[in-house]
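Enquirer: okay, here's the prediction I keep looking at, along with the sequence it came from:
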Amino acid sequence: MEKFNIVLKEKHFCDGLNRDDIMEMLPLLEADEFLPIEIEANYQEYSAIGFITTEAAYSNSKRKKELIEHG
């Protein structure tokens with residue numbers, strides 16, 4: 001089974017993840033340490049909700065800091 005650093009599911013804004021969603025998504029994560037994540041789209045009725053590994057979240061945060069510091 002292929003594993004990922006981020007796993008997202010499209011959901012209506014009023015809906016969150018249910019137990020079945022979570023049980024489906026967790027085995028797809030590459031690591032045991034993860035954080036919840038939600039990405040909202042402007043002017044849309046849906047968002048992407050899921051999980052990101054702490055390694056991927058930290059890597060993205062570190063890269064963003066580098067871009068800000070070095071223009």
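Expert: In hand now; what should we look at?
Enquirer: so the closest residue to E30 other than its chain neighbours versus E69, what's the distance?
Expert: Using CB to CB, 6 or more residues apart in numbering and skipping the chain neighbours, the partner closest in space to E30 is K3 (4.1 Å). The C-beta positions use only the backbone N, C-alpha and C, and glycine is treated the same way. As judged by CB to CB, to the nearest Å, K3 and E69 stand 32 Å apart.
Enquirer: okay, those two: which has more neighbours?
Expert: A direct count of neighbours by other CB atoms under 10 Å for K3 and E69 places K3 higher, at 11 against 7.
Enquirer: the more buried one: what's it in contact with?
Expert: K3 is in contact with L28, L29, E30, counting by CB atoms under 8 Å, 6 or more residues apart in numbering.
Enquirer: can you flag the buried ones in those?
Expert: Burial by neighbour count, 16 or more other CB atoms under 10 Å: within these this picks out L29.
Enquirer: where does pLDDT dip in this protein?
Expert: Residues of the chain meeting the criterion pLDDT under 70: 60-68, 71.
Enquirer: show me where it has strands.
Expert: Secondary structure of the chain, counting by DSSP state E: strands at 6-12, 34-40, 46-53.
Enquirer: show me what the last one is in contact with.
Expert: Outside strand 46-53, the residues within contact range by CB under 8 Å, 6+ apart are 5-13, 16-17, 25-26, 29-31, 33-41.
Enquirer: again, 6 Å this time
Expert: With contact meaning CB atoms under 6 Å, 6 or more residues apart in numbering, strand 46-53 is reached by 5-13, 17, 25, 29-31, 34-35, 37-40.
Enquirer: with distance to A48 added, can I get the contacts of K3 in CSV?
Expert: Formatted as CSV, these follow (distance: CB to CB, whole Å):
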residue, distance to A48
L28, 14
L29, 15
E30, 18
